[in-house]
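[1] using only what follows, build the 3D model:
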Amino acid sequence: MTTDIKKGRDRTLYPASPVPAVAVMVRRGDAVLMIKRGKEPKKGTWTVPGGSIEPGEAIFQAAKREVMEETGLSVQPLEAFTAVDAIYHDGRGRLRFHYVIIYIEAAYLGGEAVAGDDATEACWVNFENISKGFRDAEPGTLQIIKKRLGL
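    Numbers count the residues shown, from 1 in each chain. Predicted coordinates:
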């Protein structure tokens, strides 16, 4: 989570401008790494590891850091392959979150997938289950993964 030190607040909540972020599709054989989100937005849904890019941090550095923080795995980022807006409003219509998410494909290097930081669970999901969809998966992320994998 990125905090605005001068103001002492989370800069991703009710932002003054879009927040750059990464989402990392880690492949290992015929499986993709998935995490269950422990925080809003989309708390409780399955998605890929990711988060805000820190000031001065390159996108591949952010990808490696976020995967390590959320799952304990080492990865090698390979390619940024798409970008999307994630815009969420609160019950009063105010902008609550606005992320510009850069999706990055990465190769698994090592470690055991264990939930940490913003994740409550972490696991490998095989391509067959990705193509069929699975319970509590974030639909937009699932669609991006399926398109990338040609499913």
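
[2] any idea how far E112 is from L95?
    Distance, E112 to L95, using Cβ to Cβ, to the nearest Å: 38 Å. Using the backbone N, CA and C atoms, a C-beta is placed for each residue, glycine as well.

[3] neighbour-wise, which of these two wins?
    Neighbours were counted for E112 and for L95 using other Cβ atoms under 10 Å; L95 has more, 14 against 8.

[4] beta-bridge partners for the residue nearest the centre of the chain, please?
    The chain has G50 as the residue nearest its centroid, 2.8 Å off, counting by Cα atoms, centre = their mean. Using DSSP bridges, the bridge partners assigned to G50 are A23.

[5] hang on, isn't it packed against V26?
    No. With contact defined as Cβ atoms under 8 Å, G50 and V26 do not form a contacting pair (10.5 Å).

[6] contacting residues around the residue lying closest to K39 once chain neighbours are set aside?
    Excluding the flanking residues, the one nearest K39 by Cβ to Cβ, 6 or more residues apart in numbering is D118, at 5.1 Å. Each residue near D118 by Cβ atoms under 8 Å, 6 or more residues apart in numbering is listed here: M1, I35, R37, G38, K39, G51, E69, E70.

[7] which pLDDT value belongs to D118?
    As predicted, D118 sits at a pLDDT of 85.

[8] mind checking how far the residue nearest to the centre of the chain is from E70?
    Distance of G50 to E70, computed by Cβ to Cβ: 8 Å.

[9] can you give me the helices in this protein?
    Assigned by DSSP state H, the helices in the chain fall at 59-71, 127-132, 139-149.

[10] of all those helices, which one is nearest A86?
    With respect to A86, and counting by Cβ to Cβ, the nearest of the helices of the chain is helix 139-149 at 7.8 Å.

[11] who does the closest one touch, helix- and strand-wise?
    strand 19-28, strand 74-89, strand 95-110, helix 127-132 (3 or more Cβ pairs under 8 Å, 6 or more residues apart in numbering; DSSP states H and E).
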